[in-house]
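Asker: Just need the structure, nothing else, for what follows:
(2 chains)
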2 protein chains.
Amino acid sequence: MFQMHPIGFVRSPYTETAQIPKGKGAEHRAEGVLDVLPEYEQGLMDIEGFSHLYVLWVFDRAGGAELIAYPPSDNKPHGVFATRSPQRPNPVGLTVVELLRREGTKLHVRGVDMLDATPILDIKPYLSSVPDADLRRGWLTSLENGPSPAR
Amino acid sequence: MFQMHPIGFVRSPYTETAQIPKGKGAEHRAEGVLDVLPEYEQGLMDIEGFSHLYVLWVFDRAGGAELIAYPPSDNKPHGVFATRSPQRPNPVGLTVVELLRREGTKLHVRGVDMLDATPILDIKPYLSSVPDADLRRGWLTSLENGPSPAR
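Answerer: Numbers count the residues shown, from 1 in each chain, chains lettered A, B, ... in the order given. Got it, this is the predicted structure:
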């Protein structure tokens, strides 16, 4: 077992899960703040040079883990590791945000999809991307190509 | 505090930190296996449709946390959250791997940069990238543009 502790908390416009855009075509443009605890301020040195950050956080209000998930974009079951379901064996979320500006221990960001007061475990620089041409997106692909024809 | 537990372990060619390519221009082409524990097999359903995966894992052999890191590519100090240093307040690593094939609970992947037997906390589908044109990479940029002229 490994013990993790918050290094800060997310300030988000979302206070209930139902408010967070989900599923096919959901866009995360909401602005929020990564409010880092004062004792970690030194760890933010030079972070303002990065345009995008990874945020690792805890689904602290999700129910227990399920190995099968039913994503909102789909009514079909998928293994939890092939989805972003909150009900994971380790309830850790991962979000890429755009860093707009830093004010001391407050990182103003765009692209939050967490609830307000979500505990943050880690922040990392986003360094490189997989080219779109190399990406296959599994069960999501058929959804993006429109509904299957009725049979 | 949050308790996390392994859902599996990485099989990697690297048994010592010194063997892992690091710093400027490091390429992670090494093949390895995400060896998921049998009790989580159902959670892998449909994962083979994705070309790339996020792996969240534990730096289980790193020393204690430091807020200032000295990356190998640089001899300058940076805040730990602006680096990928293992010595983080929560020692969680994040790696994007290419999924080559699945054999039951074994995911054969390319791009491991973890030590052999590293505990895995979570696996998530890699769904989209930030376009390269939109990325700023902070202190790394000046390194990529070559060494600063001597003064």
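Asker: now A:E31, nearest residue through space, not along the chain?
Answerer: A:R110 (5.2 Å; CB to CB, 6 or more residues apart in numbering or on different chains). To be clear about C-beta, it is placed using only N, CA and C from the backbone, and glycine gets the same treatment.
Asker: And for the one you found, the neighbour number?
Answerer: Neighbours of A:R110 under the rule other CB atoms under 10 Å in any protein chain shown: 14.
Asker: residues touching it, list them.
Answerer: A:29-31, A:97-98, A:100 (CB atoms under 8 Å, 6 or more residues apart in numbering or on different chains).
Asker: any idea which element the residue most central in space within chain A lies in?
Answerer: When CA atoms, centre = their mean is applied to chain A, the residue found nearest the centroid is A:T95 (2.8 Å). If you go by DSSP states H and E, A:T95 is part of strand A:92-103.
Asker: That strand to strand B:92-103, inter-axis angle?
Answerer: 140 degrees (axes from the mean of the first three to the mean of the last three CA atoms, to 10 degrees).
Asker: list the buried ones in whichever helix or strand comes after strand A:92-103?
Answerer: Using DSSP H and E, the helix or strand that directly follows strand A:92-103 along the chain is strand A:106-110. By 16 or more other CB atoms under 10 Å in any protein chain shown, the buried positions in strand A:106-110 come out as A:107-109.
Asker: Name the strands paired with strand A:106-110 and say parallel or antiparallel.
Answerer: strand A:31-36 (antiparallel), strand A:92-103 (antiparallel) (DSSP bridges).
Asker: Let's have these in CSV, adding mean pLDDT.
Answerer: Formatted as CSV, these follow (pLDDT from 0 to 100):
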stretch, mean pLDDT
strand A:31-36, 98
strand A:92-103, 97
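Asker: Take the ones you listed and lay them out in JSON lines including distance to A:F81.
Answerer: Output for these, formatted as JSON lines (distance: least, CB to CB, whole Å):
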{"stretch": "strand A:31-36", "distance to A:F81": "26"}
{"stretch": "strand A:92-103", "distance to A:F81": "12"}
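Asker: which of the ones you listed sits most buried?
Answerer: strand A:31-36 (a mean of 21; mean count of other CB atoms under 10 Å in any protein chain shown).
Asker: got the CA positions of that one in PDB?
Answerer: C-alpha atoms of strand A:31-36 as PDB (Å, rounded to 0.1, in the frame of the first residue of the first chain):
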ATOM      1  CA  GLU A  31     -11.300  28.000 -15.900                       C
ATOM      2  CA  GLY A  32     -10.200  27.200 -12.400                       C
ATOM      3  CA  VAL A  33      -7.300  27.400 -10.000                       C
ATOM      4  CA  LEU A  34      -4.800  24.900  -8.800                       C
ATOM      5  CA  ASP A  35      -4.400  26.100  -5.300                       C
ATOM      6  CA  VAL A  36      -1.200  24.700  -4.000                       C
END
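Asker: so after that strand, what's the next helix or strand?
Answerer: Assigned by DSSP H and E, the successor of strand A:31-36 is strand A:52-58.
Asker: Just give me the neighbour total for A:H5.
Answerer: A:H5 - counted by other CB under 10 Å - has 12 other residues nearby.
Asker: In this structure it contacts B:N90, no?
Answerer: Yes. Between A:H5 and B:N90 there is a contact at 6.8 Å, judged by CB atoms under 8 Å.
Asker: can you list residues touching both of those two?
Answerer: A:L121.
Asker: show me what contacts the nearest residue to A:D113 once chain neighbours are set aside?
Answerer: Distances taken as CB to CB, 6+ apart put A:H28 closest to A:D113, at 4.7 Å, once the chain neighbours are dropped. If you count contacts by CB under 8 Å, 6+ apart, A:H28 has them with A:21, A:95, A:111-113.
Asker: same thing with A:V109?
Answerer: A:31-34, A:53, A:55, A:97-100.
Asker: which one among these gets closest to B:P131?
Answerer: For the contacts of A:V109, the closest approach to B:P131 (CB to CB) belongs to A:E98, at 11.8 Å.
Asker: Apart from its neighbours in sequence, what residue is nearest the closest one?
Answerer: Closest to A:E98 by CB to CB, 6+ apart is A:R110, at 4.4 Å.
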